[in-house]
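Student: give me the fold of what follows.
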Amino acid sequence: MKYMIIIYGNAELWESFPPEETEKAIAAQDAFNRKYAETGELLGAYGTADAAEAKVVRVREGVPVVTDGPYLEAKEYLASWYLIDVPSEQRALEIAAEIPFAAQNAVEVWPVPHEAPGNKL
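Tutor: Alright, predicted model coming up:
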């Protein structure tokens, strides 16, 4: 079963970490990614750009309308996400608990029960 693990954040949060802590956090995250890539459980790990670079697309009367986005009611936005393939929810939760960021903030674990035909992951 595939699961998506989501981390929310914002520039203010990232900038609150001292530079030496940021370097340690990146190294810990890289080690986490390598560990689970080697087990085959980590299918992908992705970090998003700052929310100011995002766009929102809506189609109105057949015409695409693109605006700066996203519209956020909360300070946090989707900052990173992982796609894992594991035999159980329990295993997904175990892996999520090992994400270094989970020591500072919550991470979400979402089951991914539907997949488009022909997906390569």
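Student: longest helix in this protein, by residue count?
Tutor: Across the chain, the longest stretch assigned as helix under DSSP state H is helix 19-39.
Student: continuing past it, what's the next helix or strand?
Tutor: Where DSSP states H and E defines the elements, the next helix or strand beyond helix 19-39 is strand 42-47.
Student: re the thing from before, what comes up buried for the longest helix of the chain?
Tutor: Along helix 19-39, these residues count as buried under the neighbour rule (16 or more other C-beta atoms under 10 Å): 25, 29, 32, 36. Every residue, glycine included, has its C-beta placed from N, CA and C.
Student: hmm, the third one is touching Ala97, no?
Tutor: No: counting by C-beta atoms under 8 Å, Phe32 sits too far from Ala97 to count as a contact (11.0 Å).
Student: for the buried residues of helix 19-39, which one is nearest Glu89?
Tutor: Minimum distance to Glu89 across the buried residues of helix 19-39 is 16.3 Å, recorded for Tyr36 (C-beta to C-beta).
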